[in-house]
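Asker: heads up, no residue letters with this:
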């Protein structure tokens with residue numbers, strides 16, 4: 001319930017564009033409303049009671065005058081006289097001090113006597129007679145003055161029956177018969193003054209009580225509620241500034257003290273945790289320094305390794321070329337009874353040597369790229385001629401596996417100015433993998449198209465086995481293959497795609513792939529159609545490390 005009221009109050013503040021009150025403001029408003037309600041309830045009852053007492057005084061005054069009227073009527077009996085006092089035609093005794101008393105007898109002249117009365121007194125008499133009540137009091141204003149109208153019904157009692165009986169001289173009455181009514185009008189200016197004084201004293205009493213309550217509550221709010229909160233707020237501000245050595249000293253023996261103890265406990269825990277973090281950071285800094293030193297050593301070792309691979313790969317080329325040369329001579333000049341066998345052995349030597357030479361060339365190119373020694377040879381070329389020569393290079397392999405090769409080159413591709421040899425090497429790796437993984441009677445498509453007016457995409461698609469989604473992110477990493485097991489069906493070192501990525505970076509381009517398992521793969525190369533020296537990436541001062 002309290003939460004609902006709080007939400008309603010917040011909405012009211014938003015509608016009225018008012019900021020939320022502070023805790024002290026909320027408490028003061030709530031206490032003020034409570035004090036106002038208590039004072040209203042406490043002072044309403046005395047106010048009503050005092051008004052009733054004032055009204056009762058006029059009721060008693062009217063009753064006393066009516067009793068005086070009855071007493072004057074029987075005064076001759078009380079004094080021993082034989083004749084009763086004569087009443088005026090209006091029903092009042094013939095005495096000068098009783099002008100405000102009107103006597104109306106309920107007989108045949110009742111209507112005419114009632115018509116002579118003012119409207120307020122008529123309604124009062126009719127109400128008494130209709131409701132059969134003994135007396136009533138009303139207040140009315142006439143000529144800007146307040147008057148009280150008192151009316152009382154008179155009934156025939158035993159004292160009346162002495163004279164008003166069938167044998168008596170007066171008109172006979174029956175027991176408890178309503179004889180008539182007395183209407184008494186008295187000035188009530190004193191009552192207005194009394195009511196005003198009542199209201200004035202009630203107001204001053206409420207004002208004094210409210211002032212005392214507000215002063216007392218203000219002192220209680222400042223000393224008991226707000227002082228501990230201000231101390232906690234100052235403590236929180238010091239903690240926010242980084243001072244964790246400060247502690248709360250609230251000693252109120254209540255919830256504030258327990259809150260302060262919890263706050264102190266939190267600060268102790270923060271200090272302990274902060275010290276642990278300092279120690280951990282120090283250890284981490286030491287580890288970082290150690291790792292940095294090891295990283296520098298590894299970088300130097302990797303640089304030496306790259307240079308060694310570049311040198312060794314270059315040294316490998318000479319004996320491999322010699323082996324291939326002599327193997328070709330043996331193949332061409334084979335003779336004797338083992339001519340076919342010698343030729344077959346020579347073919348095996350040549351095939352293995354070429355594979356080894358290709359591997360050495362890849363290692364050499366990769367080492368040069370990482371060492372920043374790879375040079376670009378910018379020349380003009382045709383994408384169509386480049387793709388035709390690529391298809392011709394693999395014509396024997398595709399014919400043996402009965403693979404259909406489709407070439408699609410957009411007509412709007414202009415001549416390109418870039419390193420044609422590097423592009424041919426990248427596409428050669430793509431095509432080699434496509435032929436290798438495409439089954440017999442499969443399909444390979446080479447497609448060249450413009451990405452925009454400055455960039456070109458050449459894609460090689462196949463209908464091979466596809467690549468697992470988990471293996472796709474590692475394809476362009478060095479020495480990584482989709483199938484790295486020793487039982488894999490296809491040979492390779494995992495350098496082709498990694499080298500393609502490095503070469504594409506040199507050409508200010510990028511590589512990418514998309515594959516679906518058992519449906520095939522697509523590898524593409526995105527390059528600018530024109531590359532100059534300003535567009536070629538600079539050789540890195542700190543070349544990236546090679547994976548082991």
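Answerer: Received the coordinates, thanks. Quick caveat: nothing in here was measured; it's all calculated off a predicted structure.
Asker: what distance do you get for residue 332 to residue 341?
Answerer: If you measure residue 332 against residue 341 using Cβ to Cβ, to the nearest Å, the figure is 15 Å. Backbone N, C-alpha and C define where each C-beta goes, glycine included.
Asker: what do you get for residue 431?
Answerer: 33 Å.
Asker: same deal with residue 147?
Answerer: 153 Å.
Asker: ranges for the strands of the stretch 101-250 of the chain?
Answerer: 101-105, 135-142, 145-155, 178-187 (DSSP state E, counting those that start in this stretch).
Asker: using JSON lines, lay out these together with mean neighbour count.
Answerer: Compiled in JSON lines, these are given as follows (neighbours: other Cβ atoms under 10 Å):
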{"stretch": "strand 101-105", "mean neighbour count": "22"}
{"stretch": "strand 135-142", "mean neighbour count": "15"}
{"stretch": "strand 145-155", "mean neighbour count": "20"}
{"stretch": "strand 178-187", "mean neighbour count": "20"}
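Asker: who wins for proximity to residue 52 among the ones you listed?
Answerer: When those are compared for distance to residue 52 using Cβ to Cβ, the nearest one is strand 135-142, at 11.4 Å.
Asker: tell me which residues are up against the closest one.
Answerer: For strand 135-142, contacts defined as Cβ atoms under 8 Å, 6 or more residues apart in numbering pick out 55, 58-59, 62-63, 66, 118, 120, 124, 127-128, 146-153, 188, 191.
Asker: please report how far the residue nearest to residue 209 when sequence neighbours are not counted lies from residue 220.
Answerer: Among residues not flanking residue 209 along the chain, residue 39 sits closest, at 5.8 Å (Cβ to Cβ, 6 or more residues apart in numbering). From residue 39 over to residue 220 the distance is 18 Å, taken as Cβ to Cβ.
Asker: so if I had to pick from these two, which one is more boxed in?
Answerer: residue 39 (17 against 13; other Cβ atoms under 10 Å).
Asker: quick one: mean pLDDT for the helix or strand hosting that one?
Answerer: Remark: residue 39 resides in helix 23-73, with elements defined by DSSP states H and E. Mean per-residue pLDDT for helix 23-73: 75.
Asker: quick one: that helix to strand 178-187, angle?
Answerer: 120 degrees (axes from the mean of the first three to the mean of the last three Cα atoms, to 10 degrees).
Asker: coming back round to it: I'd like to know which of the strands of the stretch 101-250 of the chain is closest to residue 404.
Answerer: Nearest of the strands of the stretch 101-250 of the chain (Cβ to Cβ): strand 135-142, 118.9 Å.
Asker: now do that closest one against strand 145-155, angle only.
Answerer: Going by the same axes, to 10 degrees, strand 135-142 makes 150 degrees with strand 145-155.
Asker: what's the closest non-adjacent residue to residue 496?
Answerer: residue 429 is the one closest to residue 496 (Cβ to Cβ, 6+ apart), at 3.9 Å.
Asker: ok, that neighbour to residue 293 distance?
Answerer: Residue 429 is 38 Å from residue 293, by Cβ to Cβ.
Asker: out of these two, which sits in the more crowded spot?
Answerer: Taking neighbours as other Cβ under 10 Å, residue 429 and residue 293 compare with residue 429 leading, 21 against 10.
Asker: isn't there a helix covering the more buried one?
Answerer: Yes: counting by DSSP: H, G, I helix; E, B strand; the rest coil, one finds residue 429 located in a helix.
Asker: neighbouring strands for the one helix or strand residue 407 maps to, and are they parallel or not?
Answerer: For residue 407, the element it lies in under DSSP H and E is strand 404-409. If you go by DSSP bridges, strand 404-409 pairs up with strand 443-450 (parallel).
Asker: could you check the angle strand 404-409 makes with the helix or strand just after the partner strand?
Answerer: Next helix or strand after strand 443-450 toward the C-terminus (DSSP H and E): strand 455-462. Counting by the same axes, to 10 degrees, strand 455-462 points 170 degrees away from the direction of strand 404-409.
Asker: list the helices and strands strand 455-462 packs on?
Answerer: Here strand 455-462 touches helix 383-393, helix 420-437, strand 443-450, strand 520-528, going by 3 or more Cβ pairs under 8 Å, 6 or more residues apart in numbering; DSSP states H and E.
Asker: residue 513 pairs with what?
Answerer: Residues in beta-bridge contact with residue 513 (DSSP bridges): residue 523.
Asker: quick check: pLDDT value at it.
Answerer: 91.
Asker: surely it is in contact with residue 521?
Answerer: Yes: if you go by Cβ atoms under 8 Å, residue 513 and residue 521 touch, sitting 6.4 Å apart.
Asker: what's the overlap in contacts for the two?
Answerer: Common neighbours of residue 513 and residue 521 (Cβ under 8 Å, 6+ apart) are residue 467.
Asker: which one's more surrounded, the two?
Answerer: Taking neighbours as other Cβ under 10 Å, residue 513 and residue 521 compare with residue 521 leading, 25 against 16.
Asker: excluding its backbone neighbours, what's nearest the more buried one?
Answerer: That would be residue 515: by Cβ to Cβ, 6+ apart, it lies 3.8 Å from residue 521.
Asker: ramachandran coordinates for the one you found?
Answerer: Dihedral pair for residue 515: phi -150, psi 150, per degrees, to the nearest 10.
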